[in-house]
Structure formats: C-alpha cells, structure tokens
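Colleague: take this sequence and fold it.
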Amino acid sequence: TQKMAELLGLRDECGEGALEALVLAGSCLADNRLNLDVYPDGCSRFLQLFQGRRGEVVQVEFLRLSSNDHLLGTTLGILPHLKHLKSLVLKGGHARDEFGSCQHGSLTSLPSDVGNLRCLTHLDLSFNSLSTLPSCILHLPSLRVLLVSHNSLVTLPEDLGSLSKLTFFSAMKNQLKDLPQSIGELAVLQDLDLSENALEFLPEEVGNLHNCTELDLSGNRLLSIPESLANLKSLRRLHLHSNLLVTVPASLASLPSLSRLDLQNNRLRAVPPEIQASSFVRLRGNPLGETEPSPQADEPSAGGLRRLFLSSTEDSFTVTSEGCKVVLACGIRFCFPPGAASDPLRIYFRTLAPDPQWVKLRHHDVLLSRVLELQPHGIVFQQEVQIWMPYASPQTLHQREVVVRTFSGQSWSDLRTRVEQKRKSKKHVAHCSVLHFSWFLVVSRLVQNECKVPTEGTLLFSSVDPNIKVTFPPGVTEETRSVKLQVLPVSAEEIEEVTADAGCRASPLLCLSQDSLVDFLRPVRIQLPLPPGVTGLNLDRSRLHLLHGDLEGQTWDDITSQVVLEFTHLYAVFEVMHFSWYWLWYTTKTYIGGIAKKVYERLRMYQVNFIALQRKKDPEQVLLQCVPKHKVDPVLKKLQDRYRGPEPSDMVEMFEGEQFFAAFERGISIDMDRPDCVDGRLSFIFYSHLKNMKEIYVTSPVDRKGQAVKGQVSFYRGAVPESIPEDASRRRKGPDSLWLATLPIKLPRLKPRWGENPGPLNGFSFPPLNLGNAETGYLTQTNLLSIARRVGADWQTIGLNLGLTYQQIERIGYNNREDLDKQILDMLFSWAQQNSEDPDCVSKLISAMKDSGRQDIADEIESIIELGRQKYRESIRRVGLEQESSAEDSAIAMM
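Modeller: Residues are numbered from 1 along each chain as shown. Just a heads-up that it's a prediction; the model follows:
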C-alpha cells in the first residue's frame, strides 16, 4: 500500500510517461546492484533513478555503466554520492564501428570527489581514452582491484605505491614506456598484467612484489629483466614472450613456486642450462644457437625499431636512417630497416578507390583491396621496405593465390607475396618487400606456375592439377625464356548451366604464356586430363574436341584436326609450337567454339542482387548496395535491426570492374552535390569482394505539403571493362539493355529543406561561415545547414564529441525545448562560430561524427571537402600555378 501511494504521488509529480520510464529503470535495481551497461541508454536510466528513488540509489554497492554512453559526463558527477559503492565498472567497448571493432569509451578523467569512495574495492575503467591515471584513484583507501587496460596511458603516477591494498592490477594494451619505482611498494599485489605496452626496461623495485603470483610482461620491448625478479618467491607464472630479450637471469630457475616461464618469440640465442632444463619453460620462436645476423639480413633489427601508430587524420610520417615500424589506422603496416633511408624522408600516403580505367585487371583476377599510394614516387631505398596490406579474404575462391600488384607509372606487375594471418583477429594480410614507392593493391589470381626453359629443355607441372604437365624437349629454344602456366578448373554444373546438356563435359582450362614473341623451335608436348567420366576405354573420338583460344578469350577454334592427339587411360597428349589457351571438350554439339565462348564468358561473371534500404530512425537516409547472390541473406540479416526496405532485386550478372549507376526517380532526388554523382546519378564500380555500398540522403524537390512521397531507385549499366568479350559488350549497348533493376523508395513525409533560403530560418539568423581553407576545401553555411538536417536525435552526442560541455548541451536543449530542429542548429552553429578560426575544425567535425556513430555524415563531409580540393586544384591549374606533373602523376590523375 505504501509503495502504491508513492507511485501515485510520483505520477502526479512527473506524469504517467515519466513514471513508466522510471519503473522500467527501477527494474534494473536489485540487491544493491545496478547493471546498466547492457542498455544503450543506461546513463539516462541511472539519472532517472537517482532523481526518483535517490534513497535507494545511494545505497547501491555494485554499479556498471557503459562509457560509450553520451550522458556519462553528467552521471560521473553523481558517483561521489554513492558512499557505499564497492564495485564500479565504467567500461567502453559496448559499441562497435562499421568494421565490427570495439569502440573505446569517452572517459578521459574522473571527478576528484571519487577519491572519497572509501568502500570502493573494485574499479574497472577498461576500453576508454585515459592518457593519465586519474589522481583521485590514488586516494581510494580500500581499492583492491584496478583495471585500466585498453587505454592510452603513457606513464603511471610516481606515487602508485600508495594503493597499499591493491591485489590485482591490469594495464595491458596501453602505451607505457616505463614504470615508477613505487610499484615495488604494492606489498600485497598478487596479479600484475602489463602486457602489450612499450616497456623497454623494468625498475629493480619490481623484485619487492613478494606476494605476486602471476606477472605478465609479454608484448613489450624489453631487452633484459632485472636480477631482482629472482626474489619473487611466490611467483607461479611469468609471461615474457614477444619481447626483445637477448638474455635472462639463470636465477629464475630457482624460483620455488614457478610452474610456467614463457620466453617464446624473443631474441634469445643462448639460455642458461638451468632454465633450458626446466620442464615449465617455453622457448619456441627464439634463434637459439644462431649467430648474430649480418647488417644485410632482411630485418637486421626490426624488432627494436621505433614504432609509429598513425590516426585516421594523419597522411604522412618521417623515416630516418634509424628506421621505424609504422601502423596506419586502416591496418596497413610498414617496416623500414635501419639504413633504408640515408637522410630523413617524409613519406606521404593515401588510399584510393580503384578506377577500372586505370586499374587493369587480367582475366579471372579478383580485386581484394583499395589502391595504396605511397609518395615520393620512384624513390629508391637502400634496403627493402616491408609492407603488410590487409585484404578481403577470398573465402569462396579456391585454387587461387593472393599477390600484391604495383604500378610503375607504365604498367602493373606482381610482387613476390607471402600471405599471413593475424593470430588474434584472424584477418589476412599480404606481405611484400619493395625498393621503391608507387601504387599498390591486392588481387587474387589463378595460381601461376613458372619456370625458365633452357636450351636443354625442362618439365613444368601445374600445382593446381598435377595431371597437367608441359614437356620442353632439348633444342626447343636458342635462348633461355620464361614460361608461365595457369589452370582454371571448370565444374560440370557450370557447363550444364550454359549448355543445358548433362552429357557435355570439359577438362580444366589451361593457359600458357611466355616472355618471348618467337615460337618454339621444336614442338612442346602438353598433357591434359580427359574430361570427367571419360576414359581411354569408353572414349568416342568423334565427340572429343581440342579448342584453342586467343589470349583475350574472344575466339575459340577447334584444332582437333590440326594436331595429333594421343590417348592413355586418363590423359590426352598433343604437341604445339606456340602458347595460348587450350581446352578439351567432350560433347555431341557441332558448333563447339560458340558454346565454349559462352561458358568462358560465364566463368568471368558474378550473379548479384541490388538492395535499397532506408534507416528506420531516418527514412531519408538510404543505403544502396550491390551484393553477390550468396551474400545477400547474411548482409540483410546484419542490417535488419537498423534498416527496412523492399526485397532485393532480381538476379543480374556483372563483370569484375563493371560500372553501374543508381538514379532516384519519381519525385526523389539526391540531396547533396557529390563528387561521385554523374548527371544526377550515383556512380558505382562492381568488385565482387569489396563493399559496393553507399549511404546517402535523399529528398523531394517538390512541395508535397507533408504527404508521403512514393518514389523509386533504378540501377543502370555503365562502362564495361575493356577486356570483356565483344559479344557481351555489344549486348550491353542500347537504351533497353542499360536498365538493371528498380526498387521502391518511400519518404513518409516531406521535411522543409534547410538552406534553401540563406536568410532567417525558424527564428535563427546565420552569419556567413567558411570552415577550413581554400586548399583543403571549405564547409560553408549552406553545407552546415544540409548537414544539420541529417543529425536527428544524435545531436547531443555529436555536440559532446565536438567539445561542448554538458551544461552547454543542457542549455541549448532547454532554450529550444520542443523543437528538435532548433536544438540541432543552435548546437552546430554555436560550435562553428567558436571554431571558425581553427584550421583543423573540419577534421574535428569529421572525427566527432565518426565517434558519434554517424559514419554516414562523416562520409558526406569528406565528399564535400574532396570536391572543394578538386575545384581548388582545377583553379590553380587554370591560372598556371601548378607545377608540371610527372608522367606517373598524370597516370594517377585518371582515377
């Protein structure tokens, strides 16, 4: 009865809707625990509880909140009131970016009054943005467990030892370079995890941690460890793997409780016999017994190089004669060994969308990455530079190989490539070595076997199908020449799909090429397996056809009568004088050349569907994507929580590198001037293993008086790759064949278009604004108005990430209550006016959008800026101020 009376009183005070929210939040409060980190609005629920049920909240002993919550700042101010709090968890990592990676929380400090929580024993601040340890932590007298892993800590406070009751401390995955001497004063510490930092040495005082049972120092840059570690008599597990250790004290073997000593992946060339004889020691990955490598080795001292981690806003770095390791935000890595550059050299980099007019793919190539450009072009390093490029893993592509391809300014060539897989993320990277910088990308190609053919002759096998071999007799050539062999397996299902004949079969497709234009002096003997189901015992020779195709696959000629075919039980053998495509068919069809041409064309095409989805919270935000048929269901399942829309289009077929357009029709148009817009249509390039996706905003240019707008988006073919068959290209010409698919788009109501009238709007008058500069591109008042209408309910989060205080956000919300449009405009233009003189304000705006989970708006801003850069370069070129471009720069300008 008393509870009911309280609730009835609350309903009279705050209204029935607020009461419902309060009751919902109160359901999380049980047994003096508040687990609110599982809710996206956890901080909002906490604030409601504190206001409505303060007496219960201040008794809470266990509290969990997400530091990805945009109301965290306000919530922190309430924490000192929770005098009984024993456990506090303020972790990030609850939100993920578009690549699925955990996003760090926004926490950078704690209120000083948090140090008054005398009952607090457990504090978890992992996955945040701390650069220093908040000083208030050192005043927590009862603290026993402290976790600050996955932050940006560079150092720990000198008086860390004041945490006299600390038993567990984890600072893994930070940027710590050294430790304070006071760490030895943590007398009761049992577990210490400092893995994956940048520690180069340890203070002797570490040996005073007499109660420590587990010490993890793996993944650092330690060259040695102090002898004092032998004093840790309670130590059971010592993790030192993945460091730069060249020696370890023999006294470690005498630790009485030690059950595991992990020394893997260091630089140990000799280990004390006492340690090597211990069964609990792990030594794999060390160069035991090897001599010191010479300075000319591949990576003479790569492990000890300076490491640079670049943010997404950086586009250059400096390499000195000492060398360095560099990691870009996109995951690309470099290793410059000492001496690679004799003088300090500034390296510039960028990633570019591939353009088929410039990126020329060969038959059956599959593009797996964007283009990486490294400048200065053509500069020659003294030693090879290592490059690791992440790529889209071709899980559906069998019997192929991944290579890094580079552009010299004249042509593309493949580099010797090693494929590696990261142990933790399981992502694939392509590793190559280069002596000069230009443009690089990753492709999947048919496995290529090659050899040198001397005058004595040789034998070449296919690693894809060892039954395929080529024999070069003695005297086949006067000068040694290089020969390449590639094999494309063809399934019976693919042939039956085109021929509609289950009895039609073919051998694997063989491609032979050489680096000489001169035919061989003697016949080269080729062995091909007979088509599936055909043997020398049941062979009907009248049905067997040997086809010869030109290097472009445009024509297929039946040469059965021109060669001598020999047969064994499993193989067909014949001789040729020059190289090209060879294909063995078994069929009753007569015009086999035309059928082979259709099958070959089909082998190079992908079956795809188009999708057009609208964001549930903002239907004017439309996602367009071209998806290979086998990926449609997983993609839709991933997007169904945030988007809705019609069923995917019917299946169509496209070539790798084929262009297509998306056009909005029937009263709907694109709402922004975009550099990828051609005659009002969005331009796409289809690559089967890259994301053919764009998220854009649409509007209706006509006055519909708030009524729903029923429009559509249609997809049309554009330019086709140069290397596709002539027949396929011809079928794609003409007005009827350009259309691919149409999907409906519905705008529930027409919003007023901000920015159409530069004068006062909704009571606001906007002064002229130009954020940025002419060279990098401006954001104007009109651009900001267009951006503002996309922000929606995320305006508070964006404002906080732009640097506005919570008090400012609250004031803007109060002054413009009940009018979301005014709140957004006030926030955005207040920030713009305060930062109009800041040259980095545009970069900060883009970062704020990304940090707020609005990658779509960040992409739009970057598109505006890129368009401004293009216009600036064009104006400079018109007045003759731009320096004369090199031939290489002219080539890349085509992109």
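
Colleague: nearest spatial neighbour of Ser444, skipping sequence neighbours?
Modeller: Excluding its sequence neighbours, the residue lying closest to Ser444 (C-beta to C-beta, 6 or more residues apart in numbering) is Val366, at 4.3 Å. Every residue, glycine included, has its C-beta placed from N, CA and C.

Colleague: quick check, that neighbour in contact with Pro628.
Modeller: No. If you go by C-beta atoms under 8 Å, Val366 and Pro628 don't touch, sitting 11.1 Å apart.

Colleague: overlap in contacts, the two.
Modeller: Residues touching both Val366 and Pro628 by C-beta atoms under 8 Å, 6 or more residues apart in numbering: Ser688.

Colleague: higher neighbour count, those two?
Modeller: Using other C-beta atoms under 10 Å as the criterion, Val366 and Pro628 rank with Val366 on top: 22 against 17.

Colleague: for that one, which residues are in contact?
Modeller: Counting by C-beta under 8 Å, 6+ apart, Val366 makes contact with 394, 397, 400, 443-445, 656, 687-689.

Colleague: how does it look with 10 Å?
Modeller: Neighbouring residues of Val366 by C-beta atoms under 10 Å, 6 or more residues apart in numbering: 392, 394, 396-397, 400, 402, 442-445, 606, 656-657, 687-690.

Colleague: make a PyMOL selection of the buried ones in these.
Modeller: Buried residues within those, by 16 or more other C-beta atoms under 10 Å, are selected in PyMOL with:
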select buried, resi 392+394+397+400+402+442+443+444+445+606+656+657+687+688+689+690
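
Colleague: now, the contacts of Val366 that are in strands?
Modeller: Residues of the contacts of Val366 located in strands (DSSP state E): 400, 402, 442-445, 606.

Colleague: list just the nearest of those to Arg333.
Modeller: Among these, Val442 lies closest to Arg333 (C-beta to C-beta), at 13.6 Å.

Colleague: was I right about the closest one contacting Thr351?
Modeller: No. The pair Val442 / Thr351 is not scored as a contact, 11.8 Å apart, by C-beta atoms under 10 Å.

Colleague: how does the chain divide into domains?
Modeller: Under the assignment the TED database, the domains of the chain span 25-152, 155-164+180-289, 306-446, 448-603, 606-720+738-747, 781-876.

Colleague: any chance of the ones you listed in TSV, plus mean pLDDT and distance to Asn174?
Modeller: TSV is the format used below for the domains of the chain (pLDDT from 0 to 100; distance: least, C-beta to C-beta, whole Å):
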stretch	mean pLDDT	distance to Asn174
domain 25-152	84	5
domain 155-164+180-289	87	5
domain 306-446	86	12
domain 448-603	88	44
domain 606-720+738-747	84	32
domain 781-876	78	20
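
Colleague: would JSON lines of the ones you listed with distance to Ala171 be doable?
Modeller: Formatted as JSON lines, those follow (distance: least, C-beta to C-beta, whole Å):
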{"stretch": "domain 25-152", "distance to Ala171": "5"}
{"stretch": "domain 155-164+180-289", "distance to Ala171": "6"}
{"stretch": "domain 306-446", "distance to Ala171": "17"}
{"stretch": "domain 448-603", "distance to Ala171": "48"}
{"stretch": "domain 606-720+738-747", "distance to Ala171": "34"}
{"stretch": "domain 781-876", "distance to Ala171": "24"}
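
Colleague: tell me which of the ones you listed sits nearest to Leu771.
Modeller: Smallest distance to Leu771 across these (C-beta to C-beta): 5.1 Å, for domain 781-876.

Colleague: need the ones in strands among the contacts of Val366 in a markdown table with distance to Val419, can you?
Modeller: Below are these laid out as a markdown table (distance: C-beta to C-beta, whole Å):
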| residue | distance to Val419 |
| --- | --- |
| Arg400 | 11 |
| Val402 | 5 |
| Val442 | 10 |
| Val443 | 12 |
| Ser444 | 10 |
| Arg445 | 13 |
| Tyr606 | 23 |
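
Colleague: ok but Trp795 is inside a strand, no?
Modeller: No. Using DSSP: H, G, I helix; E, B strand; the rest coil, the assignment for Trp795 is helix, not a strand.

Colleague: could you verify my assumption that it touches Gly813?
Modeller: Yes. Contact criterion C-beta under 10 Å: Trp795 and Gly813 qualify, at 8.9 Å.

Colleague: overlap in contacts of those two?
Modeller: Counting by C-beta under 10 Å, 6+ apart, the residues touching both Trp795 and Gly813 are 820, 823, 826-827.

Colleague: of these, buried ones?
Modeller: Using 16+ other C-beta under 10 Å as the burial test, those include 823, 826-827 as buried.

Colleague: pick the one among these closest to Leu310.
Modeller: The closest of those, once distances to Leu310 are taken by C-beta to C-beta, is Met827, at 30.3 Å.

Colleague: for the stretch 701-850 of the chain, what spans make up the strands?
Modeller: For the stretch 701-850 of the chain, the strands defined by DSSP state E, counting those that start in this stretch cover 709-717, 739-747, 770-773, 777-780.

Colleague: ok, the residue nearest to Leu79 when sequence neighbours are not counted - how many residues close by?
Modeller: For Leu79, the nearest residue in space outside its immediate sequence neighbours is Val114; the separation is 5.7 Å by C-beta to C-beta, 6+ apart. If you count neighbours by other C-beta under 10 Å, Val114 ends up with 21.

Colleague: quick one, strands of the stretch 501-650 of the chain?
Modeller: With DSSP E, counting those that start in this stretch as the criterion, the stretch 501-650 of the chain has strands spanning 505-506, 509-514, 524-529, 544-549, 556-558, 566-567, 571-576, 581-586, 605-615, 621-628, 643-644.

Colleague: what strands flank the third one, and is each parallel or antiparallel?
Modeller: The partner list of strand 524-529 in its sheet, established with DSSP bridges, is strand 469-472 (antiparallel), strand 571-576 (antiparallel).

Colleague: contact partners of stretch 275-283?
Modeller: Stretch 275-283 is touched from outside by 236-241, 248-255, 258-266, 268, 270-272, 274, 288, with contacts defined as C-beta under 10 Å, 6+ apart.

Colleague: for the residue nearest to Lys360 when sequence neighbours are not counted, phi and psi?
Modeller: Leaving out its chain neighbours, the residue that sits closest to Lys360 by C-beta to C-beta, 6+ apart is Trp412, at 6.2 Å. With angles defined as degrees, to the nearest 10, Trp412 sits at phi -100, psi 150.

Colleague: fine by me, thanks again.
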